[in-house]
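Attaching a predicted model along with its sequence, questions to come.
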Amino acid sequence: MLTVDRPRPSDQVVAAAVDEPRLWSMHMDLAAIGATAAGGVCRLALSAEDASARSLLASWAGQAGWRLSVDPIGNLFIRREGAEPSLEPVVTGSHIDTQPTGGRFDGAYGVLAGIEVLRALDDAHVTTRRAIEVAVWTNEEGCRFSPGMMGSEAFAALRPLEKMLEVTDAAGVSVSQALPHVIAATPNASRRALGFPLHAYVEAHIEQGPELERAGRTIGVVTGIQGTCRLRVEVTGEEAHAGTTRRSQRRDALLAAIRMVHAIEQHVEAADPGDDVRLTFGMLKLRPNVPSVVASWAYFSIDLRHSSDEVMLRLAGEIEGICRKHAGGCEVQVTEIQRALATRFKGAAFDAVLAATRSLGYPYMELPSGAGHDARQMACVCPSAMVFVPCAGGISHNEAESATSTDLAAGTRVLARALYELANS
């Protein structure tokens, strides 16, 4: 394991050069793009707001003299060159797309912390052997184009690019149709092939949970990410008149869906006395969705998560049988739309984050991530790690999401030391 008991002077200089007010100002400038009346952000993937945000980042990169590049799925990379350009770079970053009622820090912090590290290196006049790049991954959230993690999954060759480009939003606009607008927002970015060798990847993020705040710790050294399985359930019944059709004669897709949801929830509760499984029914659609017609079609989504792949996959495999048992006279189709097994962070990147945290003296804890992040995909191609900082009440994916400038700066100093160590290895 890497240990840094007495940091090199340049390590100290880089961490000290992290500018807390500047970092906060970048957050507020970015949060103004897509700002909501309730203090949050609505900046959906590949939207006009996404394009404007990318343009802002590009302007900062241009002022600093850093290089920009973009790949076929729209991932944007900001590169500070190293002394040996042929070496594999060290990459940090996250995403800038949000939920429709998202917060100011989810994703954005990882991108802006990376930019602040590059600025700190410049201010300290420090050169690294390897280049350091900040990645802005496309469509992490997956709320406009589903499923999410498109940018990092395409980069890591975990899903075919062609399939992602075909995905459409609720208005029928495809990813391939939306991409040119956001790519055009960074005209100075060179075109880059999808995927390239990385030396290491480290992502900074707000925790999106309450554990750091509860424990009074400033830094979370992330041990891994729990597995996720997402399914969609389609129930097909028959339209019927609300006033003339007896209940016994109906094939009501909505009522069947309600029975299924209730049965799945009861089954998971019985199988999980420790309350460790995360089960979410996040979407419900109906047809014809009018007051006086029995629903002929219902759709609902299932998000199932657990740190044990065995538990997650067993429960996911039982869902179709439960749905068929409660379908009544309706037909049902269960489709798995995304699966990501649990990730364990280890190796050089994890060791660098742990050593940087200890060296800086911040109170910390090692903890797993309940939420999915682009670092999961990066762990498939290089040593990867994450740095967490607290968020108030653990609230995220919410306009009330909040973090302090002090904690954001602390996490960025940890990131700076870890990236500096990795970029000189």
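Arrived safely. Numbering: from 1, shown residues only.

could you dump the least confident helix or strand in the chain by mean pLDDT to CSV, C-alpha only?
Every helix and strand of the chain was ranked by mean pLDDT, DSSP states H and E. The lowest is helix 9-16, at a mean of 82. Only the C-alpha atoms of helix 9-16 are listed here, as CSV (Å, rounded to 0.1, in the frame of the first residue of the first chain):
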residue,chain,number,x,y,z
PRO,A,9,7.3,20.0,-0.8
SER,A,10,5.6,20.1,-4.2
ASP,A,11,2.7,18.0,-2.7
GLN,A,12,2.3,20.6,0.0
VAL,A,13,2.4,23.4,-2.5
VAL,A,14,-0.2,21.9,-4.8
ALA,A,15,-2.7,21.2,-1.9
ALA,A,16,-2.1,24.7,-0.5
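
measure the residue nearest to residue 100 when sequence neighbours are not counted to residue 76 for me?
Spatial nearest neighbour of residue 100, excluding adjacent residues (Cβ to Cβ, 6 or more residues apart in numbering): residue 42 at 5.2 Å. Heads up, the C-betas are built off the backbone N, CA and C, glycines and all. Computed as Cβ to Cβ, to the nearest Å, the residue 42 to residue 76 distance reads 20 Å.

Comparing the two, which residue is more hemmed in?
residue 76 (28 against 18; other Cβ atoms under 10 Å).

which residues touch the nearest residue to residue 306 once chain neighbours are set aside?
Of all residues not flanking residue 306 in the chain, residue 312 sits nearest, at 4.1 Å (Cβ to Cβ, 6+ apart). Contact analysis of residue 312 by Cβ atoms under 8 Å, 6 or more residues apart in numbering lists 227-229, 277, 304-306, 342.

quick check, residue 312 in a helix?
Yes. Counting by DSSP: H, G, I helix; E, B strand; the rest coil, residue 312 is part of a helix.

where does the stretch 101-250 of the chain dip in pLDDT?
Along the stretch 101-250 of the chain, the model assigns pLDDT under 70 to no residue.

quick revisit: looking at the contacts of residue 312, which are in helices?
For the contacts of residue 312, membership in helices holds for none, with DSSP state H as the criterion.

Filter these down to just the ones in strands.
Judged by DSSP state E, the contacts of residue 312 include 227-229, 304-306 as members of strands.

Out of the residues you listed, which is nearest to residue 346?
Among those, residue 227 lies closest to residue 346 (Cβ to Cβ), at 16.6 Å.

so the closest one bridges to which residues?
Residue 227 forms beta bridges with residue 306, as assigned by DSSP bridges.

what pLDDT does the residue most central in space within the chain get?
Among the residues of the chain, the one closest to the centroid is residue 373, at 3.8 Å (Cα atoms, centre = their mean). With respect to pLDDT, residue 373 scores 96.

check contacts around it.
With contact taken as Cβ under 8 Å, 6+ apart, residue 373 is in contact with 94, 140, 203, 205, 225, 386.

what's the nearest residue to residue 377 if we skip its chain neighbours?
Counting by Cβ to Cβ, 6+ apart, residue 377 lies nearest to residue 152, which is 3.8 Å off, once chain neighbours are set aside.

In a strand, the one you found, correct?
No. Counting by three-state DSSP, residue 152 falls outside a strand, being helix.

Which ones among the contacts of residue 373 lie within helices?
Among the contacts of residue 373, none falls in helices (DSSP H).

Please, where are all the helices along the stretch 151-300 of the chain?
Applying DSSP state H, counting those that start in this stretch to the stretch 151-300 of the chain gives helices spanning 161-166, 175-184, 211-215, 253-271.

can you put those in JSON lines and add distance to residue 400?
Formatted as JSON lines, those follow (distance: least, Cβ to Cβ, whole Å):
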{"stretch": "helix 161-166", "distance to residue 400": "32"}
{"stretch": "helix 175-184", "distance to residue 400": "28"}
{"stretch": "helix 211-215", "distance to residue 400": "14"}
{"stretch": "helix 253-271", "distance to residue 400": "26"}
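
Tabulate those (a markdown table), appending distance to residue 294 and mean neighbour count.
Converted to a markdown table, those look like this (distance: least, Cβ to Cβ, whole Å; neighbours: other Cβ atoms under 10 Å):
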| stretch | distance to residue 294 | mean neighbour count |
| --- | --- | --- |
| helix 161-166 | 33 | 15 |
| helix 175-184 | 35 | 17 |
| helix 211-215 | 46 | 16 |
| helix 253-271 | 8 | 18 |
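
nearest to residue 37, of those helices?
Minimum separation from residue 37 across those (Cβ to Cβ) falls at helix 175-184, 24.8 Å.

C-alpha coordinates for that closest one, CSV please?
The C-alpha coordinates for helix 175-184 follow below in CSV (Å, rounded to 0.1, in the frame of the first residue of the first chain):
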residue,chain,number,x,y,z
VAL,A,175,-29.1,10.9,-28.9
SER,A,176,-27.6,11.2,-32.4
GLN,A,177,-29.8,14.1,-33.1
ALA,A,178,-29.0,15.9,-29.9
LEU,A,179,-25.3,15.4,-29.8
PRO,A,180,-24.2,17.8,-32.6
HIS,A,181,-25.5,20.8,-30.7
VAL,A,182,-23.5,20.2,-27.5
ILE,A,183,-20.4,19.2,-29.5
ALA,A,184,-20.7,22.5,-31.4
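
Against which helices or strands is it packed?
helix 48-64, helix 161-166 (3 or more Cβ pairs under 8 Å, 6 or more residues apart in numbering; DSSP states H and E).

got the contact list for the longest one?
Going back to what we said before, that points to helix 48-64. Residues from elsewhere that reach helix 48-64 (Cβ under 8 Å, 6+ apart): 26, 29-30, 33-34, 42-44, 67-68, 76, 78, 80, 96-97, 111, 115, 118-119, 122, 136, 181-182, 184-186, 188-189.

Return the subset of those residues lying in strands.
67-68, 76, 78, 80, 136.

In a markdown table: those residues, plus distance to residue 347.
Converted to a markdown table, the ones in strands among the contacts of helix 48-64 look like this (distance: Cβ to Cβ, whole Å):
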| residue | distance to residue 347 |
| --- | --- |
| 67 | 28 |
| 68 | 29 |
| 76 | 26 |
| 78 | 25 |
| 80 | 23 |
| 136 | 24 |
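
from these, which is closest to residue 402?
Of the ones in strands among the contacts of helix 48-64, the one sitting nearest to residue 402 (Cβ to Cβ) turns out to be residue 136, at 22.8 Å.
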